[in-house]
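A.B. asks: fold the following.
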Amino acid sequence: MNPASISALANRELSAKARFGHVALLLAALAMSVVVGSLWLTEPALPPRTVIAFAAMTGIGLCWVVYAVWVLASRRVLLAFQQVVAARMAVGFSAVALAGALALGMGEGIAAAWPAAAVFAVMLVIAVITLVRARGKHRQLTQRRAELERQLGS
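C.D. replies: So this is what the prediction gives:
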């Protein structure tokens, strides 16, 4: 391995598979946001809880759109930082969904909220595990890049 190939490896952008995945995320999140937002805005007599749920789902979808655009438009090496950001978003959105389901179950006495809360709790645990792994991968790649840059410098 010569210095040019090491430098190219350290500066490589997203793989084609990762780009395709982020394009798919962008399209799916945009479609979901448009559908839910359209329902929310075109139905004048929605119950307040439904308005809140639609607003939250539209906001979450738009956040995923912004994330996908950021990753696709990024012209610098992310070193798996996009995975850390996505995992943080997943933790936050799962926690909000869990809190909403618990509020409906405890505050409103809605029986269907309890299975939803269980699903959101599982999602939250998976998101936290994903965040821990993403942070570790990011740290490992950052250290490896620094090591390669030191080798190139000497």
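
A.B. asks: for the residue sitting nearest the centre point of the chain, give me its contacts.
C.D. replies: Nearest residue to the geometric centre of the chain (Cα atoms, centre = their mean): residue 86, 3.0 Å. Counting by Cβ atoms under 8 Å, 6 or more residues apart in numbering, residue 86 touches 67, 134. Where you see a C-beta, it was placed from the backbone N, CA and C, and this is true even at glycine.

A.B. asks: need the pLDDT of it.
C.D. replies: The pLDDT attached to residue 86 in the predicted structure is 96.

A.B. asks: ditto for residue 12
C.D. replies: For residue 12, pLDDT reads 57.

A.B. asks: kindly report the same for residue 78.
C.D. replies: Reading off the confidence values, residue 78 has pLDDT 82.

A.B. asks: cool, and the one 4 residues further on?
C.D. replies: In the prediction, the pLDDT value recorded for residue 82 is 92.

A.B. asks: and it, what element?
C.D. replies: Using DSSP states H and E, residue 82 sits within helix 81-107.
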